[in-house]
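S.K.: Test case, fold it:
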Amino acid sequence: MIRILLAEDDTVMREYLSRALERSGYAVSAVDRGTAAIPLLESEHFDLLLTDIVMPEMDGIELAQRAGEMVPDLRVMFITGFAAVTLKAGKSMPQARVLSKPFHLRDLVLEVDRMFEMEHASGNI
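M.R.: Below is the predicted model:
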């Protein structure tokens, strides 16, 4: 099963995203800030970091960069409601996907599915 680490400081959004991904067959661990994600990355295996960009303490870009150092093959998807931040994310982590708010939960699940299509098709996961 594909494991997703979700970092989102908005409680309602975090619960919404977690439920939608779990209903689609993903295992989700959710935290409310980037600094809370680091210990999980050290102790557990994740296939995808799904992170909001604008969060207190540590923003999603810094979290993704730290996570990339810790887990080189970790995939990253940013979610944000700020266009300027989207550009910054693209420059900082060009291999990451960026999903702009507002988005439909179905679109999020489709994007995550696309990220893992090749593994599903080849049976690597």
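S.K.: average pLDDT across the strand or helix carrying residue 50?
M.R.: For residue 50, the element it lies in under DSSP states H and E is strand 48-52. For strand 48-52, mean pLDDT is 96.
S.K.: For burial, what's the neighbour tally of residue 51?
M.R.: Residue 51 is flanked by 29 other residues according to other CB atoms under 10 Å. Just so you know, the C-beta spots here come from the backbone N, C-alpha and C atoms, and that holds for glycine as well.
S.K.: What of the one 5 residues further on?
M.R.: Look at residue 56: counted by other CB under 10 Å, it has 10 neighbours.
S.K.: Could you do residue 96 as well?
M.R.: 18.
S.K.: picking that back up, just give the strands next to the strand holding residue 50 in its sheet, each with its orientation.
M.R.: Strand 48-52 sits in its sheet next to strand 3-7 (parallel), strand 75-80 (parallel), going by DSSP bridges.
S.K.: Between these, which has the poorest mean confidence score?
M.R.: In terms of average pLDDT, strand 75-80 trails the rest of the strands paired with strand 48-52, at a mean of 92.
S.K.: residues in contact with it?
M.R.: 8, 17, 47-54, 60-61, 64, 67-68, 86, 89, 93, 95-101, 103, 108, 111-112, 115 (CB atoms under 8 Å, 6 or more residues apart in numbering).
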